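J.: my questions concern the predicted model and sequence given below.
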Amino acid sequence: MKALTKDEIAGYLALNLKDWTFEGNAIKRDFKIETFVEAFSFMTAIALVLEKIDHHPDWSNSYNKVSIVLSTHSAKGITHHDIDLAEKIDGTYKRYAQ
Ligand SMILES: C[C@H](O)[C@H](O)[C@H]1CNC2=NC(N)=NC(=O)C2=N1
C-alpha cells in the first residue's frame with residue numbers, strides 16, 4: 001500500500017482523528033485511562049484487533065497511560081492501514097475513557 005502525502009494525512013487528522021498528531025513518519029496519540037488494569041484491558045482489546053488485521057503499532061504503557069504510534073513499515077510512511085487502525089483504536093477507547 002502506498003504512503004499517504006503530508007496533505008492527505010493532515011486532512012484525515014483534521015477530519016476525524018483530532019487527538020492524533022503527525023510526528024516524523026508516524027501518527028501518535030497519548031491515552032489516559034483511570035487505572036492500570038483498565039489501561040491493560042484497553043491494550044488487550046486493541047491487540048485482538050491488531051492481530052486480526054495484521055498491523056502492529058509501536059506502543060508503550062506507564063501505569064494508566066498508553067502511547068500509540070502508528071506507521072506502515074513496508075511503505076516507510078503512513079497508509080490507509082494506519083488511518084483505519086487509529087479510528088478503530090479511538091472507537092475502543094470510548095469504552096475506557098473517563
Ligand atoms: C508479514 C506481515 O504481514 C507484515 O510484517 C506486517 C505485520 N505488521 C505490520 N505492522 C505495521 N505497522 N507495518 C507493517 O508494515 C507491518 N507488516
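T.: Looks like it came in fine.
J.: quick one, what contacts the spatially most central residue of the chain?
T.: Nearest to the mean C-alpha position of the chain, by Cα atoms, centre = their mean, lies residue 86 at 4.0 Å. Applying Cβ atoms under 8 Å, 6 or more residues apart in numbering to residue 86 gives the contacts 17, 20, 27, 29, 70. All C-beta spots, glycine's among them, are computed from the backbone N, C-alpha and C.
J.: identify the residue spatially nearest to it, adjacent ones excluded.
T.: Using Cβ to Cβ, 6 or more residues apart in numbering and skipping residues adjacent in sequence, the residue nearest residue 86 is residue 17, 5.2 Å away.
J.: and the closest residue to residue 21 other than its chain neighbours, what element?
T.: Once flanking residues are discounted, residue 21 sits nearest to residue 28: 5.4 Å by Cβ to Cβ, 6+ apart. Secondary structure assignment for residue 28, by DSSP states H and E: strand 26-32.
J.: okay, that strand in CSV with CA atoms only?
T.: Extracted C-alpha coordinates of strand 26-32, given in CSV (Å, rounded to 0.1, in the frame of the first residue of the first chain):
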residue,chain,number,x,y,z
ALA,A,26,4.1,8.4,12.1
ILE,A,27,0.9,9.4,13.8
LYS,A,28,0.7,9.4,17.5
ARG,A,29,-1.8,9.7,20.4
ASP,A,30,-1.5,9.5,24.1
PHE,A,31,-4.4,8.0,26.0
LYS,A,32,-5.2,8.3,29.7
